[in-house]
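K.L.:
Output the structure for:
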Amino acid sequence: MLLQLDLRSLVSRRSLAAACVFLALAAVVVGIAGRQVRFALGGLEDARPIWLWVAAFCFVGSLLASSSVWRSALALCGGRLTRSDAAARYGVGSLVNSLAPIRIGEAVRLTLFARRLEGEDRAWRMGGVFAVIAAMRLIVFGVIVASAAAVGAVPLRFVFIVGCVGVVTAVVALATRNRTPRNHVAHLLDAVRELGRTPAAGARVAGWIAVSTGARFLGATAVAAGLGVPSPVLAALIILPALDLAGLIPLSGNLGITSGAVAMALQAHGVGLQQALATGIAFHAVETAAGIACGSAGVFMLGTRKRVFVLAASGAAACIAAAFCATVLVPLA
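P.N.:
Below you'll find the model as predicted:
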């Protein structure tokens, strides 16, 4: 089924007003902190492009794995869709998160994926799917926090909090696995009930989350290596928990949440101000570019014919190859 995009319905007067306010705030921030921004950008001059390209491909891989997370979680409620369809729907949400001043990409994803559920109470069941994804992400996040706590990067109390969430999720899944929903609200636990019946399905969701997180970890390591940060692997262990905590703020990374979180986390562990700011800006720029690329491809896949998409993908691949040659191969010649 093709997704018909109505630009007038997507771009309302309120959206335009919000965009104008966002641009005004951005201009004020640049005006006030212009010196610090120029100081940070100066640290990007020595960045090694090859590592930033590695990071970009890792971030794309992380997004694709995340789309499989949603696909596997949707299957808990009987939703069926191909990997390419899931990647397209997830990518559109990434595009919205990259461009909108407020993080509404998750709402877009919920709407797009819910269309693949059959029957009534789709909204309630999709809410349960999202709850399962959030709980599984928090459990995997606990593994990262435990690793970071082992090297003294984050306080150990976060591990206890995440462990409690995992225990609560398991208890709810086992307690509701044999219950039949008797009202609309009860369908909110459909996905959780299926976890209790088929633990392998939950393991599949957690596995894809681990793959996605691992790819993002490699991307963070590559960015740190490209900016010359000492011990890039340790830096990535510091960056990821900071980003996950910053992700709780419902604002887009366009407002500096991502780059600011990275810079503050690195500076707190002895990295110089200029290098920390440059790493944060580079991380945000590369990850945003990956999100926009995947989201644009998703819009083409959902809203155009297959032949047009193939032509567009071929052109995009040629542009990427040209950019890689210009930034990596030509300087080596």
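
K.L.:
For the stretch 51-200 of the chain, just list every one of the helices.
P.N.:
For the stretch 51-200 of the chain, applying DSSP state H, counting those that start in this stretch gives helices covering 83-99, 105-114, 122-150, 157-176, 190-197, 199-226.

K.L.:
got the angle for the first one vs helix 105-114?
P.N.:
Direction vectors for helix 83-99 and helix 105-114, defined by axes from the mean of the first three to the mean of the last three Cα atoms, to 10 degrees, enclose an angle of 160 degrees.

K.L.:
Sort out which residues of helix 83-99 are buried, please.
P.N.:
85-98 (16 or more other Cβ atoms under 10 Å). Backbone N, C-alpha and C define where each C-beta goes, glycine included.

K.L.:
Make TSV out of the residues you listed and add distance to Gln275 and pLDDT.
P.N.:
What follows is the buried residues of helix 83-99, written out as TSV (distance: Cβ to Cβ, whole Å; pLDDT from 0 to 100):
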residue	distance to Gln275	pLDDT
Asp85	41	92
Ala86	38	93
Ala87	34	93
Ala88	37	91
Arg89	38	93
Tyr90	33	94
Gly91	32	91
Val92	35	90
Gly93	32	90
Ser94	28	90
Leu95	30	88
Val96	32	87
Asn97	27	85
Ser98	25	82
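
K.L.:
can you tell me which of these lies nearest to Ala203?
P.N.:
Checking the buried residues of helix 83-99 against Ala203 with Cβ to Cβ, the nearest one is Ala86 at 18.5 Å.

K.L.:
How about that closest one: what's its closest non-neighbour residue?
P.N.:
Arg71 (3.9 Å; Cβ to Cβ, 6 or more residues apart in numbering).

K.L.:
picking up where we left off before, can I get the buried residues of helix 83-99 in a markdown table with distance to Leu273?
P.N.:
Formatted as a markdown table, these follow (distance: Cβ to Cβ, whole Å):
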| residue | distance to Leu273 |
| --- | --- |
| Asp85 | 45 |
| Ala86 | 41 |
| Ala87 | 38 |
| Ala88 | 40 |
| Arg89 | 40 |
| Tyr90 | 35 |
| Gly91 | 35 |
| Val92 | 37 |
| Gly93 | 34 |
| Ser94 | 30 |
| Leu95 | 32 |
| Val96 | 32 |
| Asn97 | 28 |
| Ser98 | 27 |
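
K.L.:
Which two among these are spaced furthest apart?
P.N.:
Asp85 and Ser98 (20.6 Å).
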